[in-house]
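> Provided below are the primary sequence and the corresponding predicted coordinates.
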Amino acid sequence: MDRKAVSLMGAIVVIAVVAQTSAVNEGHTRGSAGGQPDNTPWDNTPSFDVVVYGANAGGALASVAAARAGATTALLCQAWPDCFAPSHRIGGLTTGGLGTTDSCRQSADEPFDLCQLAITGGLAEEFYSRSAAHYGCTNCTASVGCQGCNWTLANRQMPYNVEPSVALSVLETMVAETRLLTVFYEAEVTEVVKDGAARITSLITNDGRTFNGTVYIDASYEGDLLARAGVDFTVGREAPSQYNETLNGRLRGDGRNDNNFKFAVDPFDAAGDTLPGIMSESDAAASAGVPGEGDTHVQAYNFRLCVTKNATNRLPFPKPDEYHAADFELLSRMCTARPGYCTAPSCNTAPIPNFKYDNNNCGPVSTDLITADYTNASWRNLTSWRYPEADYATRREIWNVHRRYAQGVLWTLAHDTRIPATVRAEMAPWGLCRDEFTETGGWPPTLYVREARRMVGERVLSESDVRVGANVDIGVASLGLAAHAEDSHNNQRFACRSSDTPPCYGDGPGNHNTTTPFAWNEGDFHSVLGGHIYQLPTYLALPKRSQASNLLVLVAGSSSHIAFSTFRMEPAFMVLGHSLGVWAALAVHAASAGLVRDVPLADLHAALVAGGQVLKTPAHVPPVGPPSPTTGYSCSRGFNRCLAVSKCSGTACDNNATCHGQCPTMGAAQWLALSGPNGGFALLNQTGGGVDSGVGGLAVKAISSKSYLKKNEENSGTLLPSEKKLIPDGTTLAIEEHAVSLIDGYWLVTLVAGVE
C-alpha cells in the first residue's frame, strides 16, 4: 500500500527560534565542526549546501563525500538513544553492535572476503581499510586479501569484522578530518518546509532548530525526512503479483525458513490458551494473512550484542527491569525438548577481534522480538510492525520493549531452572563486553531496524533487477555494487492446531501431523534465490519528480521488500552514501542549484570513478557464496549455495563451489561426509528419496569415538573446537527431511538418542 505523508506545501513558513545558551549546546542542540562538539550559541538560521539527515555509517560517509567535494555540509544525528546524551554516537548499526558485517561471502575459514573486497570502493573501502589497519592489516585487495595482520588481535574475516569501538573511532576520525562538515546531535525532524510542491527549503527539528539547505539527503533507517516531505512510501510486503516476484507477501514455510521450528512445540497452556510469545488465535485470524497476499507487516528487530567469554572483560547479562517468566515458557519448552537446539547465547554468534563475538538472532525463539502477544499486553503493539510510522515517544517505548525482551531471553537461558542444566552451564561463561558501549553498561544503543519505510519512486527496484539485472550493465546510471543474497527475518508467530487449517495452510515442522498442535513462525527467508552481484541504480535514490526535486534517499530507497532485503546491508549503505554525497555536491554547483535530476549522469559517473567507486562488476571477482579450497562440497536444497558435505555430481558445482542449482542426483548417504578424521557413521535405514529430495527418512549411527558433526555452513579444513561436536560411539542420529535445516546448531542432523 502506497502512502503519502502530510507535509507543509506552498509558501515558506518562517519559524522564530530563541538562541540557545552554551549550557544547552553541550547537550541536545550542539553542533560540531568536523564532528567535534563546540559550545557556541545556536545560529537559528544556518544555511548549508547539503543537509544529511541520519548519521548512520551511510549518512556519515555521504556527508564526508559532499564536504570533500566542496559543499558546506550539515550531518544531523537523530537516532535515539545513539545521538542523545550520554552517547552522542554516530555510525548507526556499524558502530552500534554489528561486528560481523553481512557481505558477499560468509565463511569463517576464508581469511578474507575477497568478493566484497572486489566490489567495494571509495569511502566505504577507505573506512574498512582504516579499520583493518587497526589490527595491522594492510594492502587489502581482492586478489590476496590483507597483508601483515596481527592474528592475535584480528579475526579471520578482515577487514569486515571489527569491534564496534574501533568502527566508531575510524568513522569519527574520518568526520573530524573533513573541513566544511558540521555534526548536530539530538536532531529529530518534525517538519519539512517546501517552496511550492517539490523544492525543500528547510528542515525543522523537535527543539525548534531550522536547517536551510540546497540539497537534502535522507539517510535515516526509517525514512522520516522523505515522509515529512510528502514523498510516497510503502511499509510491509507487496503481493508477489505487484512486481512479478516469487518471495514477496505472506509466505508459506516451504523449507525456506531457517529460523523456524523443526519439531512440534506445544503452543497452548493448561487452559487451552496460547502461550505468551504467540499470537492469540483471534489475533492470528485477523492479521496472519493468507499466503501470497501483501500486508503491512515488517520483519522483526533485535539488538546486535557484543559478547565475550573473556572473564577479565565480561559483564554479566543483566536481568531486565520488567521480566515476565511466562514470556519465555515457549523458549523453555523448546530447550527442554531438545537442549542441543538451544545454543547459548546463540547459534549465530560470530567471532570478531580481541576475543569478542557479534551475537545475532538464531533459531525459532531467540533475540528477535517477533510480533505476537505477551504477558504485558502493550508489547503486542510495540514491535517492528508499529515502529516505522510511530512517533518519537512511541519509538522509545519500542526500543525499551526490545531491550527488555532480549535481556529476558539471555537471563532465562542463564538462570531459569526450566532451562536444562547443560544449557545454563553453557551460558555461564558468556557476558557483555566491559570495554564496549561503556556509557550504557555494555548494552548497545542501536536497535537493529532491519526495515521500515521504503520510498516509492518513479521506478521501483524489484527481484528481477537484483537477479536478472545482475547480468545487465546499466552504465552511467550505476551508483555502486551490492551482492548479498535476499535476507529477511520472521514477521509473526502463531499457534496451529493442525497443519491443514489457517493460519498454517499446510506448513509445519518435520514431525507434525494433523492432530499435533505446534508453534510456527512466518516471514523468514535467506538465500533461496542465491546471491548475485548487481549495480545499484540512480532511480533507487530518486523521489517522484513532482514530490521532491532536491532530495536523495539513501537507506529507504525505492525498492520492493524483496529487493530491499538484498541491499539492506551496511557495506551497500556506505557505498550509496559516498555516491549520494558526491551527487548532492554536484547538484549544488549545477546551473539549476540543487535539482538533483539536472546533474548529467556522465558527470556523476566520472566523479565517482575519480573517487575510487566500483561501479561495474569486475572482470574477475571471487564467487558469491562459501569458498571451496578443495573438493567435497555440494549444493544445499533450495539455497543455491555450497556446504561442506560431499562432492556434487554433474555440473551443479564448479571448481569454486559456486552453486548453479540443486544437486539432482545426490543421494542421502553422501551427506555423511560430515564425520571427522578416523570417525564415521553407519547408515541404519533410508526411506523415501533421500535428503535432497525433501522426502526424508534417514538414520545413522556413530561407529567410532571420533565422529564429528560440523557446525553451520562454514567450510573447514581444520575444525576449531567451536565448529564441531563430538558424537559418542553408538549415538543414533536422524537426518531431517530438508537438507537446509539447521538442527541443534549443526547442519543436517538431529540428535535423538544418547545426547543431551
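Cool, got the structure. Residues are numbered from 1 along each chain as shown.
> Helices of the stretch 101-250 of the chain, residue ranges please.
114-119, 122-133, 164-176, 224-228, 240-243 (DSSP state H, counting those that start in this stretch).
> Can you list the neighbours in contact with the third one?
To tie it back to what came earlier, the one meant is helix 164-176. Counting contacts by C-beta atoms under 8 Å, 6 or more residues apart in numbering, the residues outside helix 164-176 that touch it are 34-36, 57, 60-61, 63-64, 75, 89-91, 94-99, 123, 126-127, 130-131, 134, 181, 183, 306, 353, 435-437, 444. C-beta coordinates here come from the backbone N, C-alpha and C atoms, glycine included.
> Same check on the fourth one?
By C-beta under 8 Å, 6+ apart, the surrounding residues in contact with helix 224-228 are 5, 7, 53-54, 78, 188-192, 203, 216, 218, 233, 389, 453, 455, 543, 548, 551, 553, 556.
> Which among the residues you listed count as buried?
Among these, those buried by neighbour count (16 or more other C-beta atoms under 10 Å) are 5, 7, 53-54, 78, 188-189, 191-192, 203, 216, 218, 233, 389, 453, 455, 543, 548, 551, 553, 556.
> Which ones among the residues you listed lie within strands?
Judged by DSSP state E, strands contain the following of the buried ones among the contacts of helix 224-228: 53, 189, 191-192, 203, 216, 218, 233, 453, 455, 551, 553.
> want to throw the residues you listed into CSV with distance to D266 and pLDDT?
Converted to CSV, these look like this (distance: C-beta to C-beta, whole Å; pLDDT from 0 to 100):
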residue, distance to D266, pLDDT
Y53, 47, 98
V189, 47, 98
E191, 51, 97
V192, 51, 98
L203, 52, 97
Y216, 52, 98
D218, 46, 98
F233, 40, 98
R453, 38, 98
M455, 43, 98
L551, 51, 98
V553, 46, 98
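> For the chain, give me the ranges with low pLDDT.
Applying pLDDT under 70 to the chain flags the ranges 1-45, 105-112, 151-152, 154-157, 253-258, 468-471, 510-514, 527-531, 620-756.
> center of it - which residue?
R450 (5.5 Å; C-alpha atoms, centre = their mean).
> Is it in contact with F303, as I believe?
No - contact between R450 and F303 fails when scored by C-beta atoms under 8 Å: they sit 11.7 Å apart.
> ok, the ones in strands among the buried ones among the contacts of helix 224-228 vs C115, which is closest?
V553 (26.8 Å; C-beta to C-beta).
> I'd say the closest one and A541 touch.
Yes - counting by C-beta under 8 Å, V553 touches A541, with 5.3 Å between them.
> can you give me the strands in the stretch 151-300 of the chain?
181-184, 189-195, 199-205, 210-218, 232-235 (DSSP state E, counting those that start in this stretch).
> could I get the ones you listed as CSV with distance to A563?
Putting these into CSV (distance: least, C-beta to C-beta, whole Å) gives the following:
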stretch, distance to A563
strand 181-184, 31
strand 189-195, 26
strand 199-205, 26
strand 210-218, 18
strand 232-235, 12
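> Report the separation between L461 and N150.
Distance, L461 to N150, by C-beta to C-beta, to the nearest Å: 40 Å.
> neighbour count winner among those two?
Higher neighbour count among L461 and N150: L461, with 25 against 11, using other C-beta atoms under 10 Å.
> List the residues that contact that one.
By C-beta under 8 Å, 6+ apart, L461 lies in contact with 537, 539-540, 557-560, 563-564.
> Mind checking which of these land in helices?
Judged by DSSP state H, helices contain the following of the contacts of L461: 563-564.
> Could I get the contacting residues of R568?
R568 is in contact with 450-451, 487, 555, counting by C-beta under 8 Å, 6+ apart.
> ranking the residues you listed by neighbours, who comes first?
Comparing the contacts of R568 by number of neighbours (other C-beta under 10 Å), V555 comes first, having 28 neighbours.
> so how far is A519 from that one?
If you go by C-beta to C-beta, the gap between V555 and A519 works out to 33 Å.
> got a list of contacts for stretch 370-379?
274, 276-280, 283, 297, 300, 322, 324, 326-327, 380, 383-385, 401, 405, 490-494, 521.
> now, which of the residues you listed lie within helices?
Per DSSP H, the subset of those in helices is 283, 401, 405.
> Tell me the one among the residues you listed nearest to F263.
Y405 (23.5 Å).
> for the closest residue to that closest one other than its chain neighbours, what are its contacts?
Of all residues not flanking Y405 in the chain, L369 sits nearest, at 4.7 Å (C-beta to C-beta, 6 or more residues apart in numbering). Residues counted as contacts of L369 (C-beta under 8 Å, 6+ apart) are 300-302, 383-384, 401-402, 405-406.
> Also Q547?
If a contact means C-beta under 8 Å, 6+ apart, then Q547 has 197-198, 229-232 as its contacts.
> and it, how far is that from T234?
For Q547, the distance to T234 equals 14 Å [C-beta to C-beta].
> Same check on F263?
Distance, F263 to T234, using C-beta to C-beta: 36 Å.
> ok, now C77?
C77 sits 26 Å away from T234, going by C-beta to C-beta.
> Please identify which of these two sits among more neighbours.
Neighbour count, other C-beta under 10 Å: between C77 and T234, C77 has more, with 28 against 23.
> you'd agree the more buried one is up against V52?
No - with contact defined as C-beta under 8 Å, C77 does not count as touching V52 (9.8 Å).
> Mutual contacts of those two, please.
Joint contacts of C77 and V52 (C-beta under 8 Å, 6+ apart) do not exist.
> tally of neighbours for A176?
Close neighbours of A176, defined as other C-beta under 10 Å, add up to 14.
> cool, S498 as well?
Neighbour count for S498, taken as other C-beta under 10 Å: 14.
> do the same with M334
For M334, the count of nearby residues is 22 (other C-beta under 10 Å).
> go on, T515?
Neighbours of T515 (other C-beta under 10 Å): 8.
> Tell me the secondary structure at it.
Of the three states, T515 takes coil under DSSP: H, G, I helix; E, B strand; the rest coil.
> need the contact list for it.
Per C-beta under 8 Å, 6+ apart, neighbours of T515: S498.
> Quick check: it vs G508, distance?
For T515, the distance to G508 equals 12 Å [C-beta to C-beta].
> circling back to that earlier point, which of the contacts of L461 has the most neighbours?
Busiest of the contacts of L461 [other C-beta under 10 Å] is G557, holding 30 neighbours.
> Excluding chain neighbours, give the residue nearest to it in space.
Leaving aside its sequence neighbours, G557 sits nearest to L540 (C-beta to C-beta, 6+ apart; 4.1 Å).
> repeat for F518
A264 (3.9 Å).
> What about the one you found, how many residues nearby?
If you count neighbours by other C-beta under 10 Å, A264 ends up with 20.
> just checking, it touches P517?
Yes - applying C-beta under 8 Å, one finds A264 in contact with P517, separated by 7.2 Å.
> Residues that sit against both of the two, list them.
With C-beta under 8 Å, 6+ apart applied, the contact sets of A264 and P517 do not overlap.
> which residues sit against stretch 127-141?
Against stretch 127-141 from outside (C-beta under 8 Å, 6+ apart): 57, 61, 112, 117, 120, 146-150, 153-154, 158-160, 162, 166-167, 169-171, 173-174, 353, 571, 574.
> Which among those residues count as buried?
Using 16+ other C-beta under 10 Å as the burial test, those include 57, 61, 112, 117, 120, 146, 149, 154, 158-160, 162, 166-167, 169-171, 174, 353, 571, 574 as buried.
> In three-state terms, label E439 for me.
Following three-state DSSP, we place E439 in the helix state.
> That one: what's it in contact with?
E439 neighbours (C-beta under 8 Å, 6+ apart): 86-87.
> Kindly report the same for L98.
Counting by C-beta under 8 Å, 6+ apart, L98 touches 164, 304, 358, 448, 570.
> give me that answer again for 7 Å
Going by C-beta atoms under 7 Å, 6 or more residues apart in numbering, L98 touches 304, 358, 570.
> what do you get for G442?
G442 neighbours (C-beta under 7 Å, 6+ apart): 315, 432-434, 436.
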